[in-house]
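*Asks:* Quick one: sequence and predicted model below, then my questions.
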Amino acid sequence: MKIVGSLGRAIGLIMIFGSMAYIFLNRDNMEVFSSSAFRYTLYGGIAILVISSILPLVLSGFGGRVKNGVPALGIIESVRQTGTYINEQPQVELKVQVTEESGEQFDTTITTIIPLTQLASFQINSPINVLVGENRKVGLPKAGDPTLSQEKMQSIFNVVAVKKGLISKESLEISQNGVESYATVKAMRPRGSLTAERVELELELDLTKVDQSIVPVSVVKTFPGSSVEQLQPGRVVSVIYLPNQPEKLVIKTVADANTAQSAFQRG
């Protein structure tokens, strides 16, 4: 599509400059302005230039819908607003690592329009559903498109997250073999700057086990900086712990409703 747009702009510019040259060569003849050749060349060139400039933007803006695509998992590696808005919604360039159900991985870039109300959920290292079409064309699924089940997405994400160092093997094992409950944050002490992308925190928790008994637990874990607000003293957090070793647990921070799952934090 970029090639078509560039070719169209080139043709449009040639037609416009051609009409200007036609005027120059016939500058002594005022009837040149009413001639069909002049009008068709000038206005046609302008039309081609405008259409070729807008068409790729519109198609990429809506994600260049992938027809008959196969659902896969995408991990966001970077997010950049292009500065363009369509219907007052920002166009965003996402660099994504795609993992197919077969385990095959590749990197790609998706340029799409994301509503302002959903923009905050597209964070680095966040998992998203994507569709992979012919020639590895990738787009975000629209209403009615197939997507990975939550269980399948979680399974693929777990493998990818361990490889990328987003979660530890121990945390993954706890999440797979533990039981879900909740804990109350009694104290939170940062080990470093709270403005960093990832923050190491020392937490004192009152863990409520499934039998309703309460066990004090101290843990040190690394979280995204955006999760610190959820871990203030007095907050209640969801956890997964090993029944025989309650001190071994993972904390689930609040995940956006638009993502298929929440990532367990690295221990």
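*Replies:* Thanks, I have it. Numbers count the residues shown, from 1 in each chain.
*Asks:* mind listing what the residue lying closest to Pro224 once chain neighbours are set aside touches?
*Replies:* The spatial neighbour of Pro224 that comes closest, neighbours along the chain excluded (C-beta to C-beta, 6 or more residues apart in numbering), is Arg198 at 6.0 Å. (C-beta placed from N, C-alpha, C; glycine too.) By C-beta atoms under 8 Å, 6 or more residues apart in numbering, Arg198 lies in contact with 222-225.
*Asks:* Using neighbour counts, trim those residues to the buried set.
*Replies:* Buried subset of the contacts of Arg198 (neighbour count, 16 or more other C-beta atoms under 10 Å): 222-224.
*Asks:* Specify which member of these is nearest to Val98.
*Replies:* Pro224 (21.8 Å; C-beta to C-beta).
*Asks:* Can you pull the domain assignment for the protein?
*Replies:* What automatic domain parsing lists as the domains of the chain is 2-60, 70-151, 176-252.
*Asks:* Mean pLDDT and distance to Asn158 added to those, as TSV?
*Replies:* What follows is the domains of the chain, written out as TSV (pLDDT from 0 to 100; distance: least, C-beta to C-beta, whole Å):
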stretch	mean pLDDT	distance to Asn158
domain 2-60	61	32
domain 70-151	90	10
domain 176-252	89	8
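*Asks:* For Leu166, which of these is the nearest?
*Replies:* When the domains of the chain are compared by C-beta to C-beta, domain 70-151 sits nearest Leu166, at 5.8 Å.
*Asks:* Wait, a strand at Ile167?
*Replies:* No: the assignment for Ile167 by DSSP: H, G, I helix; E, B strand; the rest coil gives coil, which leaves it out of any strand.
*Asks:* Could you measure from it over to Val160?
*Replies:* Separation of Ile167 from Val160 (C-beta to C-beta, to the nearest Å): 10 Å.
*Asks:* Which of the contacts of Arg198 fall within strands?
*Replies:* Taking DSSP state E as the definition of strands, these contribute 222-224.
*Asks:* Run a quick check on Gln123 versus Ser226, I expect a contact.
*Replies:* Yes: applying C-beta atoms under 8 Å, one finds Gln123 in contact with Ser226, separated by 7.1 Å.
*Asks:* Which residue, other than its chain neighbours, is closest to Val219?
*Replies:* Spatially, and ignoring its direct neighbours in sequence, Val219 is nearest to Leu203 (5.3 Å; C-beta to C-beta, 6+ apart).
*Asks:* so what's the one you found bridging to?
*Replies:* When bridges are called by DSSP bridges, Leu203 pairs up with Met188, Val219.
*Asks:* so who does it touch?
*Replies:* Listed by C-beta under 8 Å, 6+ apart, the contact set of Leu203 reads 185, 187-189, 218-221, 231, 251.
*Asks:* so what strands line up beside the longest strand along the chain?
*Replies:* Taking DSSP E as the criterion, the chain has its longest strand at strand 70-86. Its sheet considered, strand 70-86 pairs with strand 89-99 (antiparallel), strand 127-132 (antiparallel) by DSSP bridges.
*Asks:* Highest mean neighbour count out of those strands?
*Replies:* Scoring these by mean neighbour count under mean count of other C-beta atoms under 10 Å gives strand 127-132 as the most buried, with a mean of 23.
*Asks:* contact partners of that strand?
*Replies:* For strand 127-132, the external contacting residues (C-beta under 8 Å, 6+ apart) are 66, 69-76, 96, 98, 100, 110, 122, 138-141, 145-148, 153, 157, 259-261, 263.
*Asks:* gap between that strand and the chain center?
*Replies:* 9 Å (C-alpha atoms, centre = their mean, to the nearest Å).
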